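K.L.:
Pasting the sequence and the predicted coordinates here, then a few questions.
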Amino acid sequence: MKSLKRVGIAIFVVFSLLTVSCGSEDSESSTSQLTATTAAPAATTAAPAATTAAPAVVESDCDIPDNPVIAMAGPVLAINPDGPGQNNLPSVQIFFATYDSLTNWAIPSDGDALRASLELGNAGTVEPQLAESWDVSADGTVYTFNLHEGVMSDAGNEMTAEDVKWSLEKAMASAATGAFWGFVGGLLSGDQIEIIDDYTVQITLMAPEDKFLPVLGTGWLVIYDSTEVKSHATEEDPWGQEWLNQDSAGFGPYRVTEFGPGGDEVVLEARENYWGDQPTIQKVTQRSAPDAGARLQLLLSGDAIYSGELTTQGLDKAEETDGITVTRIPTATGTFLALTYEPPFDDLAVRAAIAQAIPYQDIIDVTFGGQAELWDSILAPPVPGYDNRFFRGYDIDAAASVLSDLDADLTLSYAEGLPVDEEVAIFVQSSMKEAGFDLKLNKMPRAQFDGAKYGRTGEVQFFVDAIDAPAFFDAGYYTSIYGAVEGFLNWFGYASADLDAAMAALVDPSTRDQALLDVQEIYANDYAIHPIAWTGLKYAHSSCLEIPKAVTGNGLINIQDFVPAG
């Protein structure tokens, strides 16, 4: 296997920040943490028009405080989607609340609903937002968006197609997370955007891309009130970035009314002139609580209605507490092992034996309490085209026939403070011992572990990964991110000419069905990673509320998406 050669490294560094930094250092499991090539052509039918209802607060029999608290694992650094808080989860949650996008990318909390939506590809998980509908050309490259009329910002300016063009150009010019999402979705230049009239904008892609519509709804490619932002811009700062760090100019459901010192407390209030339905939570204070135990206590005591990034034990405690609900949403998050290709671990028989020594069902039943599914293909179970026919599964005798004679040292590393990761490591160590191999474990400080993993320093040869996940439920994206030469989650430089050919065949409708099987068979034989369990993410919140969906395959949530418990 040849060494990994980074392609387009600047773009993928941005993505690495998105994948990692949305978590915190005390997040502790795949059920409590967050993380982010070419797909089939987009559908050629227009999306259903969004329903624009008169602003009305949904009534609830539950006692939701007038000014509830949401506890997050740190302060809000900035509320500018292209600013220093672009990948800081507390900041992301605030700008997700104050801005809307052309579309909304929604991952339903119901697994069956997710699978049904994915029958249309990634575009099936998209809802209209500021664009009430759109039309797609027959070749899948030209998108014509019809905007809602009468959409007002907090400053009193009406949204027009000029705001859309300016906003997307700002994201591209900022060369930040928004630019990366544009790169994934095929929007690279303002020349691709044409204003047809005040309420119609047309975007032309270089090739069909079914990730384009969800990319527009990620929450980073937001639409600004460009008139308001320009009034605060300067010659040195033409996009008004500095002003936007602590002020918002969006068309979203909330306004920021207080930005406390250091961003430790930020107060949001629902906008009475918001174009859509009024959110259930009319006023909310987001509070910094860096310690996971403190966040849990705020929730258990009733002082917080939602606490983000809890530990596994915290989620278990929350689930046992009256008045608290833990919602699992089937995001793309899963748990897997990444293994070096240094000899003898480049031997495919050795890699297969390690896979056969993994006690999958024990990990699912004990570590995840039965609330996970076997990840038995490189594609997670909901991904269209998923097929598990090549999966070998647990076979301790077959594993022993190879591992018991293996004369090599191997150390499985994991981050300190992540009990799920540690439990997975212990299960794997115990099972490999049964197969006759002495696997060593290495618990590393979180910062050191992350530095070694993401920096690819060579300090770790085998590790547990329960955080990183693809952003899309898409076969091409899964295949690329774990095994392409430039794949961000291709940890040890896996490369395969057969995989490259199969990925190329994925984009041709005439060869796609066979290519879907080919990529899964190649991964099953080569083990670029060792998948274990598809886990999704868990969220603990007041039982007065429900979370019907997450945003993006990685599993971010919007404050405005909380609804009264039914």
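P.N.:
Received the coordinates, thanks.
K.L.:
all helices of the stretch 251-400 of the chain, in order?
P.N.:
With helices called from DSSP state H, counting those that start in this stretch, the stretch 251-400 of the chain shows them at 292-300, 312-319, 348-356, 360-362, 396-403.
K.L.:
what's the second one packed up against?
P.N.:
Packed against helix 312-319 by the contact rule (3 or more Cβ pairs under 8 Å, 6 or more residues apart in numbering; DSSP states H and E) you find helix 292-300, strand 324-329, helix 419-434, strand 537-542. (Each C-beta comes from the backbone N, C-alpha and C, glycine too.)
K.L.:
Quick one: work out the angle between it and helix 419-434.
P.N.:
Angle, helix 312-319 to helix 419-434, by axes from the mean of the first three to the mean of the last three Cα atoms, to 10 degrees: 120 degrees.
K.L.:
next one: helix 312-319 to chain centre, how far?
P.N.:
Counting by Cα atoms, centre = their mean, to the nearest Å, helix 312-319 is centred 22 Å from the centre of its parent chain.
K.L.:
Pull out the buried positions in that helix.
P.N.:
By neighbour count on 16 or more other Cβ atoms under 10 Å, the buried set for helix 312-319 is Thr312, Gln313, Gly314, Leu315, Asp316, Lys317, Ala318.
K.L.:
got the angle for that helix vs strand 324-329?
P.N.:
120 degrees.
K.L.:
OK, contacts around Gly483?
P.N.:
Ile378, Asn490, Tyr494, Ser496, Leu499, Ile522, Tyr523, Asp526, Ala528 (Cβ atoms under 8 Å, 6 or more residues apart in numbering).
K.L.:
Got a ChimeraX select line for the buried ones in the residues you listed?
P.N.:
The ChimeraX selection below is limited to those of those classed as buried (16+ other Cβ under 10 Å):
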select :378,490,494,496,499,522,523,526,528
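K.L.:
What is the neighbour count of the nearest residue to Leu516 once chain neighbours are set aside?
P.N.:
Once flanking residues are discounted, Leu516 sits nearest to Gly385: 3.9 Å by Cβ to Cβ, 6 or more residues apart in numbering. Neighbourhood size, Gly385 [other Cβ atoms under 10 Å]: 20.
K.L.:
among the contacts of Gly483, which two are most distant?
P.N.:
For the contacts of Gly483, the farthest-apart pair by Cβ to Cβ is Asn490 and Ile522; their separation is 13.4 Å.
K.L.:
Extract the C-alpha trace of stretch 509-524 and format it as PDB.
P.N.:
Provided in PDB are the C-alpha atoms of stretch 509-524 (Å, rounded to 0.1, in the frame of the first residue of the first chain):
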ATOM      1  CA  PRO A 509     -25.900   4.800 -14.200                       C
ATOM      2  CA  SER A 510     -25.200   1.900 -16.500                       C
ATOM      3  CA  THR A 511     -22.400   0.600 -14.200                       C
ATOM      4  CA  ARG A 512     -23.600   1.900 -10.800                       C
ATOM      5  CA  ASP A 513     -25.400  -1.300  -9.500                       C
ATOM      6  CA  GLN A 514     -22.300  -3.500 -10.100                       C
ATOM      7  CA  ALA A 515     -20.000  -0.800  -8.800                       C
ATOM      8  CA  LEU A 516     -22.000  -0.600  -5.500                       C
ATOM      9  CA  LEU A 517     -21.300  -4.300  -5.000                       C
ATOM     10  CA  ASP A 518     -17.700  -3.900  -6.100                       C
ATOM     11  CA  VAL A 519     -16.800  -1.200  -3.600                       C
ATOM     12  CA  GLN A 520     -18.300  -3.100  -0.700                       C
ATOM     13  CA  GLU A 521     -16.500  -6.300  -1.700                       C
ATOM     14  CA  ILE A 522     -13.200  -4.500  -2.000                       C
ATOM     15  CA  TYR A 523     -13.600  -3.000   1.500                       C
ATOM     16  CA  ALA A 524     -14.700  -6.300   2.900                       C
END
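K.L.:
quick revisit: save the helices and strands packed on helix 312-319 as CSV, and put in distance to Val464 and mean pLDDT too.
P.N.:
Below are the helices and strands packed on helix 312-319 laid out as CSV (distance: least, Cβ to Cβ, whole Å; pLDDT from 0 to 100):
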stretch, distance to Val464, mean pLDDT
helix 292-300, 19, 94
strand 324-329, 21, 95
helix 419-434, 4, 95
strand 537-542, 17, 94
